[in-house]
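A.B. asks: need a structure here:
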Amino acid sequence: MLKFLKTILVIGFGFALHCGVAATSAATSAVVVIPVNGAIGPASADFIDRHILLAQKSGAQLIVLQMDTPGGLDISMRQIIQTILASPVPVASFVAPGGARAASAGTFILYASHIAAMAPGTNLGAASPIQVGIPDRTRPPQQQKSKQDAGNLGAGTAKTELPSDNESTLHRKQMHDAAAYIRGLAQLRGRNAVWAERAVREAVSLSSNEALTQKVIDLIAQDVPDLLHKLDGRQVSTADGNHVLHTVGADIKTIKLDDRTRFLAVLTDPGTALMLLMVGIFGLIFEFTNPGIVLPGVIGAICLLLGLFALQMLPVNYAGLGLILLGLGFLVAEVFLPTFGVVGIGGLIAFGFGATMLIDTDQPGFGIPLSLIVALAIVATLFVYFVSNAVLKSRRRPVVSGAEQLLGSTGIMLNDMQSDGVISEGWARVRSEQWRAQSMVTLAKGQRVRVVSRTGLILAVVPINEVEPGELI
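C.D. replies: Numbers count the residues shown, from 1 in each chain. Okay, here's the model as predicted:
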């Protein structure tokens, strides 16, 4: 009996160990696919970083960034690259499906990845940093256009002149910094550093076949399963050592965009941030000019905080932000100052210039459309117009509370006045309240009176049939 129990325990232990090994093997064989679509910004950087870390914790053996991007913000790109460089799990950048591209920031991310792959019919390159809203005035228009066409059409053979010494210091610093950055990534991964620098300095592009020939990428694959088939058995070096991939038959887990990423993408859209900022400011102004309504103040405070949160995640030009605030301040001042529209027009001009300059980049997907700026300016003008009309109307209304509302009110004497020879005093009921009343004449109980002034808790009254000084008969 004892031997039988021992046998059962041994078999059970062996079965549990086998299940544990099988579970571990299944977990480590997983491949996580993270889509990278559209412009790279704060939302996409947060999405990629979070899911790379989650893939590491789940024991995935490979992370695939499936890219189709026109580029994006420098700060978001560097955030993603830092996560890739520190990742203990190999990261493969895969430009797919056919027709996709990895332009600008996408090229940097591809160079930073442990494995670089492309699908047929895709392209990468055009990685020049775009100077903030300032065209290259040192180039003739024809050269500027050819450079733009080379970046847009992906012509790998297109070549333009290097930036001249007359360009701004800021632009040259950006160019040299970007070139050194991508050259360092190319040297780290053993890829073509010469072409990488050309992609930055000359905005050239390559097709998938050209990229493979020039050793910019490691391989070409039709789709993710084909990529995993070709990567099977490959040895990859990461932050924590060498890994041998076993990707044939691996479980593929494709990540989908979550609600947080969608919300963050909407919130960090420059147009949305500008609208939130405006709603917040006008909501607070409306609350301060009409205290007690509460709702505009609550909505304004929430929108203002959301707008400021979005702006701190975007490359903001603070001169533009200052002009927007100045313009809104002028529009509000127009309500209270008799400037006959001068301050209001100045506010519209300042708001327009500020909104145009607000976002400190010309990257696609991060500009504020001119139509939106015009629409917001019109809305701001109409808001100020209606608020100013409401303020003027409220000023013309008679006073209905406070000390002033007693002046001119009528009442009735509650007793006979007592005279000290000069001034008579007694009690009167005015607006359902009892007041101490004084008069230059002696008044009898029940006589109707009118209030002409107030001193503290004492009212000066006159008989209702008397004509007050200055009153027309």
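A.B. asks: quick one: low-confidence parts of the protein?
C.D. replies: Applying pLDDT under 70 to the chain flags the ranges 1-28, 130-167, 335, 338-341, 360-366, 387-404, 466-473.
A.B. asks: Residue 443 looks like it's in a helix, true?
C.D. replies: No: the assignment for residue 443, made by DSSP: H, G, I helix; E, B strand; the rest coil, is coil rather than a helix.
A.B. asks: which SS class is the residue of the chain most remote from its centre?
C.D. replies: Within the chain, residue 421 marks the point farthest from the mean C-alpha position, 77.0 Å out by Cα atoms, centre = their mean. Of the three states, residue 421 takes coil under three-state DSSP.
A.B. asks: what's the distance between it and residue 307?
C.D. replies: As for residue 421, its distance to residue 307 is 70 Å (criterion: Cβ to Cβ, to the nearest Å). For every residue, glycine as well, the C-beta is placed using N, CA and C.
A.B. asks: quick one, phi/psi of the closest residue to residue 228 other than its chain neighbours?
C.D. replies: Excluding the flanking residues, the one nearest residue 228 by Cβ to Cβ, 6 or more residues apart in numbering is residue 247, at 3.9 Å. Phi and psi for residue 247, reported as degrees, to the nearest 10, are phi -100, psi -10.
A.B. asks: residues in contact with residue 247?
C.D. replies: Counting by Cβ atoms under 8 Å, 6 or more residues apart in numbering, residue 247 touches 31, 61, 62, 228, 229, 231, 232.
A.B. asks: ChimeraX command to pick out the buried ones of those residues?
C.D. replies: Restricted to buried positions by 16 or more other Cβ atoms under 10 Å, the ChimeraX selection for the contacts of residue 247 reads:
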select :31,61,62,228,231
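A.B. asks: Make CSV out of the contacts of residue 247 and add secondary structure.
C.D. replies: Shown next, in CSV, are the contacts of residue 247 (three-state DSSP):
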residue, secondary structure
31, strand
61, coil
62, strand
228, helix
229, helix
231, helix
232, coil
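A.B. asks: With distance to residue 332 as added columns, please give the contacts of residue 247 in CSV.
C.D. replies: Below are those laid out as CSV (distance: Cβ to Cβ, whole Å):
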residue, distance to residue 332
31, 57
61, 59
62, 57
228, 60
229, 65
231, 61
232, 66
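A.B. asks: and the gap between residue 300 and residue 208?
C.D. replies: Taking Cβ to Cβ, one finds residue 300 at 51 Å from residue 208.
A.B. asks: quick one, strands of the stretch 251-400 of the chain?
C.D. replies: Along the stretch 251-400 of the chain, the segments classed as strands by DSSP state E, counting those that start in this stretch run 252-254.
A.B. asks: what distance separates the helix or strand containing residue 79 from the centre of its chain?
C.D. replies: Element membership for residue 79, per DSSP states H and E: helix 74-86. In terms of Cα atoms, centre = their mean, to the nearest Å, the centre of helix 74-86 is found 19 Å from the chain centre.
A.B. asks: Please settle this for me: is residue 209 part of a strand?
C.D. replies: No: judged by three-state DSSP, residue 209 forms no part of a strand; its state is helix.
A.B. asks: Which phi and psi values does the closest residue to it other than its chain neighbours adopt?
C.D. replies: Nearest residue to residue 209 in three dimensions, chain neighbours excluded: residue 220, at 7.3 Å (Cβ to Cβ, 6+ apart). The phi and psi values for residue 220, taken as degrees, to the nearest 10, are phi -120, psi 130.
A.B. asks: pretty sure residue 220 is touching residue 213, no?
C.D. replies: No: applying Cβ atoms under 8 Å, one finds residue 220 not in contact with residue 213, separated by 10.5 Å.
A.B. asks: So for those two, which sits in the more crowded spot?
C.D. replies: Taking neighbours as other Cβ atoms under 10 Å, residue 220 and residue 213 compare with residue 220 leading, 18 against 12.
A.B. asks: Contacts only, for that one.
C.D. replies: 117, 118, 119, 120, 208, 209, 212.
A.B. asks: repeat that with 6 Å
C.D. replies: For residue 220, the contacting residues are 118, 208, 212, by Cβ atoms under 6 Å, 6 or more residues apart in numbering.
A.B. asks: Closest one of those residues to residue 261?
C.D. replies: Using Cβ to Cβ, residue 118 is the member of these that lies nearest residue 261, at 25.0 Å.
A.B. asks: pretty sure that closest one contacts residue 210?
C.D. replies: No: if you go by Cβ atoms under 6 Å, residue 118 and residue 210 don't touch, sitting 10.1 Å apart.
A.B. asks: Looking at those two, which is more packed in?
C.D. replies: Neighbours per residue, other Cβ under 10 Å: of residue 118 and residue 210, the larger number sits with residue 118, 31 against 18.
A.B. asks: Name whatever forms a beta bridge with that one.
C.D. replies: Listed by DSSP bridges, the beta-bridge partners for residue 118 are residue 95, residue 220.
A.B. asks: mind checking the SS state of residue 64?
C.D. replies: Counting by three-state DSSP, the backbone at residue 64 sits in strand.
A.B. asks: Is it correct that it is in contact with residue 33?
C.D. replies: Yes: when contacts are counted by Cβ under 6 Å, residue 64 is listed as touching residue 33 (4.6 Å).
A.B. asks: Those two: which has the busier surroundings?
C.D. replies: Per other Cβ under 10 Å, whichever of residue 64 and residue 33 has more neighbours is residue 64, with 28 against 20.
A.B. asks: re earlier: which strands and helices sit next to the helix holding residue 79?
C.D. replies: Helices and strands touching helix 74-86, by 3 or more Cβ pairs under 6 Å, 6 or more residues apart in numbering; DSSP states H and E, are helix 42-57, helix 105-112.
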